[in-house]
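Would you be able to build a 3D model of this:
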Amino acid sequence: MDAEPGRGKPQASLSVNRQGDKGKNRIPSDLTPLSGAAVESSGSEDEVEDDESDTDEEPTNPQPVILPEKEVESREFSSETGFYKFIFKSFVREDKIGREDWLTTIRVDLTANRMAVGTGLGKYLAKDKIRDIFWKTMSEEVAEFRRMAYFLFNRYGRFKEHFKSHPVQRGSGVWGDELDNGDIFFIECVHVVPAWRRKGFGNMIIDELIAKSCREGRTPVVTIVSPQCFLNEIQERTKNEGWYKAHQIEARTMEQIISFWRKSGFRRIGSSRFFGRPTDPSHPSVTILPENDFNPAKPTFDPELPPESKVKQSAPKSQEDISRSRSMKLLRDRLVTHHAVLTLQDEECVAFLWNFKPPKSQLNITNSVDRFLNNTLHHAAMRFKPKTIAWLLSNANKDNLLSSARNVEGYTPEEALKARLEIMRTIRIEKSPDGSANRDLSDISAAFTGFPKNAVYALAAFKRLRDLPRYKYLQLQFGCTCRQCISGILSPRMRVALMCQARWIHKMLGNGEGPSMWDMDPSAYVQYLTPELQEIIRTEKPIQQGYSNLFFFVAETLRRRKLPTVCDVMNTYFSYKEAVPCTRMFLDKGGTLQDVFRILFEQARDSDDWVGDGTQMQRAAIVIETLPECRNDHEFDFLENITSCPR
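Numbering: from 1, shown residues only. The predicted structure is shown next:
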């Protein structure tokens with residue numbers, strides 16, 4: 001009969017039965033199972049104070065529902081004495097119907113003499129196949145997988161710019177454009193049974209998962225993991241502890257988890273909570289030693305103030321209100337100006353600052369920061385108080401000490417304002433009913449209609465702009481970064497892309513010179529017309545020409561540096577009297593400019609180099625590459641909606 005874990009003393013080394021894997025995944029020196037920390041750790045046995053509390057219970061972090069899967073491989077390891085027979089089994093499944101072409105779940109199980117040793121679960125994401133709906137699609141996934149999509153990548157699946165170029169957010173600076181395209185493997189769970197921990201099995205499972213992610217035509221650019229995936233298990237073990245001790249245990253255990261992943265070849269991506277291990281062995285992150293990996297700044301721990309999440313998870317609302325009142329009282333006692341910015345109206349705050357004289361026990365406005373390293377100007381910026389911002393910049397910003405100071409996220413006050421506005425523009429974050437860290441994320445980019453008035457004036461205050469001309473106000477309101485957007489909305493590159501697309505469609509539908517799409521299959525160009533008009537337009541040449549003319553008028557409107565609105569396009573239409581009869585026939589038969597806009601935006605989106613197949617850049621690269629880049633580039637849904645052209 002097979003010995004129970006801990007009763008035998010097998011030899012240290014293992015032989016691998018599959019040719020080509022010899023020397024890989026070797027078991028460490030002592031195979032005798034021991035209890036360990038919550039997660040496979042390479043640290044010493046006394047690193048965690050509560051190691052003795054480990055049990056054989058399953059981890060409590062949420063697991064995805066396991067649907068039918070197929071076993072794709074099984075391989076064996078044996079100790080030299082033959083005492084233990086280790087078996088790795090690999091499984092692959094498609095999570096839901098219709099997702100098998102872009103999402104594959106890979107699971108590996110490790111057993112020893114038919115006893116469970118550990119398991120690993122990962123998701124292979126073919127990101128480029130869903131880039132046009134990347135955020136929308138990923139909003140249906142589990143928490144950390146979803147957070148990875150929303151906070152590392154933009155809505156089109158490209159690596160966010162601030163992780164590439166920001167002096168602090170870029171972290172070690174080794175991650176860049178290589179993450180814009182290509183597939184991703186995300187490790188969702190690695191669990192080793194407590195009796196088998198601290199024996200290297202966690203690393204073996206990780207290596208096996210990554211190896212399987214590179215099979216059957218799969219080629220991930222990077223494998224990503226979030227140590228936060230294991231936080232729920234830690235919190236479950238400390239739920240009966242006082243909040244102070246629980247905080248200490250959680251913080252220490254999280255450091256051990258991060259250390260484990262670093263020793264497994266993972267390095268922090270920018271300053272985010274995510275870690276990556278590149279597939280390319282020549283990637284610059286490979287040269288970074290674990291101890292030299294980037295560590296972002298952390299908030300100062302305040303023993304008098306329990307974490308907000310602890311209050312929300314364990315206290316009734318009335319107690320939560322008391323705690324919030326206590327936190328505000330502590331803030332008032334410690335940082336008077338911070339308290340004033342958070343509680344007073346803009347004008348009242350300015351009046352308070354004029355009369356403020358710091359007590360001897362407090363620092364002045366310039367030096368006072370909270371535990372997140374936010375100074376008074378940070379708080380004024382993130383609460384859209386332009387008059388307070390202007391006052392602080394004029395009266396308390398000697399040598400730019402206030403405006404250049406960075407908080408724990410690495411943001412100056414102006415950068416913190418812009419970061420908050422970017423979130424407001426793109427992501428809706430909804431906390432779960434219990435106020436825990438689990439949140440629902442959704443893409444709201446298409447619904448963006450401009451920033452609030454106070455936010456616009458807050459941006460202007462940092463630029464020392466007192467009287468905003470309308471064009472400048474619109475550029476700030478709609479997030480223009482190139483300073484050339486028409487009405488603050490239409491960037492130079494978008495203008496050229498839409499203009500070229502409109503001309504292309506005009507040519508394809510027939511501009512009176514040579515063959516046209518009407519001689520082949522025009523279905524893609526008439527799909528939004530009414531059924532009656534679709535029948536008529538296939539045979540009536542004048543109506544065909546009238547429809548084609550409208551795309552020319554849109555292109556001409558854009559050439560004149562006007563927005564593609566119904567009003568502006570119709571003004572262009574009326575300026576071409578010789579084209580009126582055919583176009584009028586199309587409009588009289590029930591055609592609308594909205595039909596034209598829908599086709600235009602859809603095809604421009606499909607040919608975009610970020611969202612579509614890139615054919616637009618191929619056709620107009622010489623012109624587009626000479627134009628400045630802007631935050632409003634590639635925002636087809638926003639532009640379509642803001643110009644009153646709903647899809």
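
how many other residues sit next to Asn367?
12 (other C-beta atoms under 10 Å). C-beta coordinates here come from the backbone N, C-alpha and C atoms, glycine included.

ok, it - contacts?
Listed by C-beta atoms under 8 Å, 6 or more residues apart in numbering, Asn367 has no contact partners.

List the contacts of the nearest residue to Asn295 once chain neighbours are set aside.
Of all residues not flanking Asn295 in the chain, Arg268 sits nearest, at 7.5 Å (C-beta to C-beta, 6 or more residues apart in numbering). Residues near Arg268 by C-beta under 8 Å, 6+ apart: Gly171, Ser172, Phe274, Phe275, Asp293, Phe294, Asn295, Pro296.

Ok, Ala297 next?
Applying C-beta under 8 Å, 6+ apart to Ala297 gives the contacts Leu373, Val408, Glu409, Gly410.

Quick one: the strands in the stretch 501-647 of the chain, in order.
Using DSSP state E, counting those that start in this stretch, no strands are found in the stretch 501-647 of the chain.

now the helices for it?
Applying DSSP state H, counting those that start in this stretch to the stretch 501-647 of the chain gives helices spanning 523-526, 531-537, 541-559, 566-574, 580-588, 593-606, 615-624, 636-642.

Please name every helix or strand in contact with the second one.
On a contact count with 3 or more C-beta pairs under 8 Å, 6 or more residues apart in numbering; DSSP states H and E, helix 531-537 meets helix 523-526, helix 541-559.

Let me have these in TSV, extended by distance to Glu578, mean neighbour count and mean pLDDT.
Below are these laid out as TSV (distance: least, C-beta to C-beta, whole Å; neighbours: other C-beta atoms under 10 Å; pLDDT from 0 to 100):
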stretch	distance to Glu578	mean neighbour count	mean pLDDT
helix 523-526	23	16	89
helix 541-559	10	22	94
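
Indicate which one of those helices is closest to Tyr471.
Set against Tyr471 and scored by C-beta to C-beta, those come closest in helix 541-559, at 17.8 Å.

Quick check: which helices or strands does the closest one pack against?
Based on contacts counted as 3+ C-beta pairs under 8 Å, 6+ apart, the elements that helix 541-559 packs against are helix 492-509, helix 531-537, helix 566-574, helix 580-588, helix 593-606.

mind listing the strands for this structure?
Assigned by DSSP state E, the strands in the chain fall at 14-16, 70-79, 85-93, 103-112, 115-125, 183-192, 220-225, 267-268, 275-278, 427-431, 439-443.

What ranges does the stretch 351-500 of the chain have for its helices?
376-382, 386-395, 401-404, 413-426, 453-462, 470-477, 492-509.

rewinding a little: can you redo the strands of the chain as JSON lines with mean pLDDT and distance to Leu342?
Shown next, in JSON lines, are the strands of the chain (pLDDT from 0 to 100; distance: least, C-beta to C-beta, whole Å):
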{"stretch": "strand 14-16", "mean pLDDT": "34", "distance to Leu342": "60"}
{"stretch": "strand 70-79", "mean pLDDT": "73", "distance to Leu342": "56"}
{"stretch": "strand 85-93", "mean pLDDT": "85", "distance to Leu342": "49"}
{"stretch": "strand 103-112", "mean pLDDT": "92", "distance to Leu342": "43"}
{"stretch": "strand 115-125", "mean pLDDT": "94", "distance to Leu342": "40"}
{"stretch": "strand 183-192", "mean pLDDT": "94", "distance to Leu342": "38"}
{"stretch": "strand 220-225", "mean pLDDT": "97", "distance to Leu342": "36"}
{"stretch": "strand 267-268", "mean pLDDT": "98", "distance to Leu342": "32"}
{"stretch": "strand 275-278", "mean pLDDT": "98", "distance to Leu342": "34"}
{"stretch": "strand 427-431", "mean pLDDT": "84", "distance to Leu342": "20"}
{"stretch": "strand 439-443", "mean pLDDT": "83", "distance to Leu342": "23"}
